[in-house]
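>>> Fold the following for me, if possible:
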Amino acid sequence: MRVKVESTGGFTGREAVVALYDTAALPSGTAGRIRDAVQALDAAQARGDQGEVGADLPAYRITVSEDSGVREETRVYEVRGDPTTDDGSPALRTLLAGPDAT
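Residues are numbered from 1 along each chain as shown. From the prediction side, this is the model:
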């Protein structure tokens, strides 16, 4: 699984890649945390969670690519809000923490 996290919101609206992961190249514990975070994003999307609303809030685009053996599947998640607050997305916090975070 490959995961790309891009910052897309805030006042400037500039886009920047802030994290890249390839779970095949990570230790199993780290890869598991990344997979768990993506599953949490899936669950939030299924519930219809929209995150916070506001033009000045941080926003992130998370692109997940997986090779199913037949074709590559890509999913994109949009997460809004400050991940550092208690109301922020725990899955996004995990993805922004970097591969060495425990």
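
>>> Tell me, how many residues neighbour Val18?
Other residues near Val18 number 14, with proximity taken as other CB atoms under 10 Å. Where C-beta positions appear, they are placed from N, C-alpha and C, glycine not excepted.

>>> measure it to Ser65 for me?
Using CB to CB, to the nearest Å, Val18 is found at 17 Å from Ser65.

>>> Check Val5 too.
13 Å.

>>> Can you give me every residue that contacts the spatially most central residue of the chain?
Centrality entry for the chain: nearest residue to the mean C-alpha point is Ile62, 4.3 Å, by CA atoms, centre = their mean. Going by CB atoms under 8 Å, 6 or more residues apart in numbering, Ile62 touches Val3, Lys4, Val5, Glu6, Val38, Leu41, Val76, Tyr77, Glu78, Val79, Leu92, Leu95.

>>> Which of the helices or strands spans it?
Element membership for Ile62 (DSSP states H and E) is strand 59-67.

>>> downstream neighbour of that strand in the secondary structure list?
Going down the chain from strand 59-67, the next helix or strand is strand 72-80, by DSSP H and E.

>>> Work out the gap between that next one and the centre of the chain.
Relative to its chain's centre, strand 72-80 lies at 8 Å (CA atoms, centre = their mean, to the nearest Å).

>>> can you check stretch 31-48 too?
Taking CA atoms, centre = their mean, the mean C-alpha location of stretch 31-48 is offset from the chain mean by 8 Å.

>>> Distance to Gly69 for the contacts of Ile62 - can I get that in JSON lines?
As requested, those are exported to JSON lines (distance: CB to CB, whole Å):
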{"residue": "Val3", "distance to Gly69": "19"}
{"residue": "Lys4", "distance to Gly69": "21"}
{"residue": "Val5", "distance to Gly69": "25"}
{"residue": "Glu6", "distance to Gly69": "27"}
{"residue": "Val38", "distance to Gly69": "18"}
{"residue": "Leu41", "distance to Gly69": "23"}
{"residue": "Val76", "distance to Gly69": "21"}
{"residue": "Tyr77", "distance to Gly69": "23"}
{"residue": "Glu78", "distance to Gly69": "28"}
{"residue": "Val79", "distance to Gly69": "29"}
{"residue": "Leu92", "distance to Gly69": "29"}
{"residue": "Leu95", "distance to Gly69": "25"}
